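Chemist: Dropping a prediction and its sequence here:
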Amino acid sequence: MTPKALELYRHPVDEDDLNERIKQHAPLVKRLAYHLVARLPASVEVDDLIQAGMIGLMDAAQHFDDAAGVLFETYASQRIRGAMLDELRTADWVPRQVRRSMRELENTLTKLEHTLGRSPSEREMAEAMGMALDEYQQLLSDCKGHQLLYYDDRGEDEDSPHLLDALVSEDEGPLEILSNVDFHKALVSAIETLPEREQLVMALHYDEELNLKEIGAVLNVSESRVCQLHSQAVARLRTRLGEWVRSRDLPVRG
């Protein structure tokens, strides 16, 4: 008996039950896709995420074990998100220019914070980068989709530590870092230093799971403005967490 046949023998799946589960949880795929695409560049099509998510849902329905002691929706959500993230990795969705632009923004932000002793305003950031305010805000919009952590998150200086040097094990990735207790405390502390409006955007997006359009309705601003606030909040958090890494005197991985 082949491994695949053995698996089906151990967990026989009724075709009607399988189809019913897929039909019942298809809206979950759309909800997760729209929540994820709000954090990604405009070049990412939500339909591509939905398609990948449906594959993840079908896989979850096929392999779910009722005796495992977890809800199907919980199990399926993990599979769906995983399938979507695999699709994004395959598509290499983050343009290099986005990372270069955000790195320049972060460097300016760090210098201004040290000079001013506080978080700079958007206007101060624009002046420091030699831009008009609307140009700076457009840069924030263009940087939509920039993440808190990347696998190749070292930067221009190969000898400098970066967030992924906080790994306990080479087998861990960004999600594992986020679950690290020390890192979590540092992240919470960094969020508390954000301007009030940016704190609210992060809370509504990540705690309440509102999309950018819904957050805009709460704040009475446009969706693009929410995108700008989110990008700037991420930039501030990355600079704070970069300082946290350096304060720990972490070794630099080669």
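Modeler: Arrived safely, thanks for sending. Numbers count the residues shown, from 1 in each chain.
Chemist: drop to CA atoms for contacts and neighbour counts, all remaining ones
Modeler: Noted.
Chemist: Would you mind measuring from Ser77 to Gly117?
Modeler: Counting by CA to CA, to the nearest Å, the gap from Ser77 to Gly117 is 42 Å.
Chemist: do the same with Leu36
Modeler: The value you get for Leu36 to Gly117, if CA to CA is used, is 34 Å.
Chemist: Give me the more crowded residue out of these two.
Modeler: Neighbours per residue, other CA atoms under 10 Å: of Leu36 and Gly117, the larger number sits with Leu36, 18 against 9.
Chemist: what about the more buried one, which helix or strand?
Modeler: Assigned by DSSP states H and E, Leu36 belongs to helix 15-37.
Chemist: in that helix, what counts as buried?
Modeler: 18, 21-22, 25-26, 28-30, 32-37 (16 or more other CA atoms under 10 Å).
Chemist: on contacts alone, who are the packing partners of it?
Modeler: When contacts are defined as 3 or more CA pairs under 8 Å, 6 or more residues apart in numbering; DSSP states H and E, helix 15-37 packs onto helix 46-63, helix 72-91.
Chemist: Could you list every helix and strand that the first one packs against?
Modeler: Contact partners of helix 46-63 among helices and strands, from 3+ CA pairs under 8 Å, 6+ apart: helix 15-37, helix 72-91.
Chemist: Read off the pLDDT value for Pro12.
Modeler: pLDDT recorded at Pro12 is 52.
Chemist: Let me see the mean pLDDT of the longest helix seen in the chain.
Modeler: Scanning the chain for the longest helix, with DSSP state H as the assignment, gives helix 223-247. Taken as a whole, helix 223-247 has an average pLDDT of 84.
Chemist: Now that helix: buried residues?
Modeler: Neighbour counts over helix 223-247 (16+ other CA under 10 Å) mark 223-242, 244-246 as buried.
Chemist: Pull the number of nearby residues for Thr193.
Modeler: As a burial measure, Thr193 scores 15 neighbours (other CA under 10 Å).
Chemist: could you measure it against Gly216, distance?
Modeler: As for Thr193, its distance to Gly216 is 22 Å (criterion: CA to CA).
Chemist: quick one, helices of the stretch 51-200 of the chain?
Modeler: 72-91, 96-116, 122-128, 133-142, 174-179, 181-192, 196-202 (DSSP state H, counting those that start in this stretch).
Chemist: give the contact list for Ser224.
Modeler: Ser141 (CA atoms under 8 Å, 6 or more residues apart in numbering).
Chemist: ok, now with 10 Å
Modeler: Gln137, Gln138, Leu140, Ser141, Lys144, Leu212, Lys213, Gly216, His230 (CA atoms under 10 Å, 6 or more residues apart in numbering).
Chemist: what comes into contact with stretch 202-209?
Modeler: 31-32, 35-36, 38-39, 191, 194, 197-201, 210-212, 214-215, 218, 226, 229-230, 233-234.
Chemist: Of all the residues in that stretch, which ones are buried?
Modeler: For stretch 202-209, a neighbour-count test (16+ other CA under 10 Å) marks Met202, Leu204, His205, Glu209 as buried.
Chemist: and which of these is nearest to Glu124?
Modeler: Of all the buried residues of stretch 202-209, Met202 has the smallest distance to Glu124: 22.1 Å, by CA to CA.
Chemist: how near is that closest one to Asp142?
Modeler: For Met202, the distance to Asp142 - CA to CA - is 18 Å.
Chemist: now Leu85
Modeler: 21 Å.
Chemist: In terms of neighbours, single out the busier of those two.
Modeler: Higher neighbour count among Leu85 and Asp142: Asp142, with 19 against 16, using other CA under 10 Å.
Chemist: is it true that the more buried one touches Cys227?
Modeler: Yes: under the criterion of CA atoms under 10 Å, Asp142 makes contact with Cys227 at 9.3 Å.
Chemist: My guess is Cys143 contacts Ala233. True?
Modeler: No: using CA under 10 Å as the test, Cys143 is too far from Ala233 to be in contact (11.6 Å).
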